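>>> Turn this into a structure:
(one chain, ligands or ions: 1)
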Amino acid sequence: MPMYIVLLGPPGAGKGTQAEIVSETMGLVHVSSGDIFRENLKQQTELGKMAQGYMNRGELVPDDVTIAMIRERLSRADCVKGALLDGFPRTPAQADALAGMLATLNSQVNSVPYISVPAEVLIERLSGRWTCRAEGHVYHEKYNPSKIAGKCDVDGSELYQRDDDKPATVENRIRVYMNQTSPLIEYYRQKGLLGEIDGMQPIEDVTADLMAAIGKGK
Ligand code: AP5
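Numbering: from 1, shown residues only. So this is what the prediction gives:
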């Protein structure tokens with residue numbers, strides 16, 4: 001049976017960091033809505049140009065556009081065994097759409113690990129984040145530095161700071177998360193799928209708790 005895992009958590013909680021590790025360990029495709037938008041922006045596609053303004057303001061890209069993009073991504077052959085979803089769903093409408101998409105495949109969301117980190121820590125995490133240009137590998141100048149400053153350990157490409165990691169945009173992203181995405185915590189708790197994880201631990205300990213939460217999924 002395919003397995004679909006939804007990683008939930010505020011901006012900077014460590015979803016991307018963990019998704020990279022867990023997807024490799026489990027052999028599951030990592031589907032990050034933010035990465036797909038950024039790739040489209042880099043390629044200057046219509047989707048990327050359309051999403052840019054929302055991303056720069058720290059707002060959500062409209063549901064219909066985001067849902068269509070994820071529907072297309074999940075229909076590709078590499079998702080036949082399922083996917084580790086990072087950054088999607090982000091609204092109850094997106095969560096309902098995901099359930100509908102998976103139902104047509106006789107599947108469902110199996111587990112929703114929620115990485116919890118207090119708001120005051122998120123700003124420090126995002127302002128110290130460096131991302132690799134080639135593949136999006138993530139570092140932190142204090143908590144998870146690359147071996148050579150400014151270069152990715154995995155592929156040697158240049159590290160950069162995301163435009164939406166500026167303090168004013170980060171504050172808005174956290175506000176948007178609180179208003180529009182945090183209702184999903186209760187949404188998935190009521191379905192018996194939520195596993196709450198303390199995201200303040202070292203990265204390896206968060207991974208261990210995440211794997212345990214996934215193991216308890218449906
Ligand atoms: P997206 O790219 O999804 O951003 P996000 O959800 O805001 O999440 P981040 O990537 O910022 O954080 P993360 O939780 O992955 O943390 P990370 O692992 O990097 O979305 C960007 C934009 O795209 C949105 O604002 C929106 O406009 C649009 N968008 C995307 N999806 C959408 C959707 N579904 N609907 C509508 N619009 C959408 O870690 C952060 C830092 O902390 C790193 O430096 C890392 O090294 C460090 N770190 C990680 N874990 C630890 C730890 N345990 N201890 C110490 N440091 C740690």
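>>> Would you mind listing the outside residues contacting stretch 114-127?
7-15, 18, 140, 143, 165, 167, 170-171, 174, 185, 188, 194-200, 206, 210 (CB atoms under 8 Å, 6 or more residues apart in numbering). (Glycine included, C-beta is placed from N, CA and C.)
>>> Are any of these buried, and if so which?
7-15, 18, 140, 165, 170, 174, 185, 188, 194-195, 197, 199, 206, 210 (16 or more other CB atoms under 10 Å).
>>> Also within reach of the ligand: list those from those.
Applying CB under 6 Å from any ligand atom to those, one finds that Gly9, Pro11, Gly12, Ala13, Gly14, Lys15, His140, Gly199, Val206 fall near the ligand.
>>> Next, the contact list for the residue nearest the centre of the chain, please.
Residue closest to the average C-alpha location in the chain (CA atoms, centre = their mean): Asp86, at 2.8 Å. Contact analysis of Asp86 by CB under 8 Å, 6+ apart lists Leu7, Lys15, Gly16, Ala19, His30, Val31, Ser32, Ser33, Gly34, Asp35.
>>> mind checking the SS state of the residue of the chain most remote from its centre?
The centre of the chain is farthest from one residue, Ile148, which by CA atoms, centre = their mean lies 25.8 Å away. Judged by DSSP: H, G, I helix; E, B strand; the rest coil, the three-state class of Ile148 is coil.
>>> Got phi/psi on it?
phi -110, psi 120 (degrees, to the nearest 10).
>>> Skipping adjacent residues, who's closest to the residue of the chain found nearest the ligand in space?
Using CB to the nearest ligand atom, the single residue of the chain nearest to the ligand is Gly34, 1.9 Å away. Once flanking residues are discounted, Gly34 sits nearest to Gly87: 4.7 Å by CB to CB, 6 or more residues apart in numbering.
>>> rewinding a little: now the residue nearest to the centre of the chain: how far from Gly16?
Note on Asp86: its distance to Gly16, by CB to CB, to the nearest Å, is 6 Å.
>>> Need the residues touching each of those two.
In contact with both Asp86 and Gly16: Ser32, Gly34, Asp35, using CB under 8 Å, 6+ apart.
>>> Please tell me I have it right and the first one contacts Thr17.
No: counting by CB atoms under 8 Å, no contact exists between Ser32 and Thr17, whose distance comes to 11.4 Å.
>>> Identify the contacts common to those two.
With CB under 8 Å, 6+ apart, Ser32 and Thr17 have no common neighbours.
>>> Enumerate the residues of the protein near the ligand.
Applying CB under 6 Å from any ligand atom, one finds that the chain approaches the ligand through 9, 11-17, 33-34, 37, 54-55, 58-61, 66, 87-88, 90, 94, 125-126, 128-129, 138-140, 143-144, 164, 173, 199, 202-203, 206.
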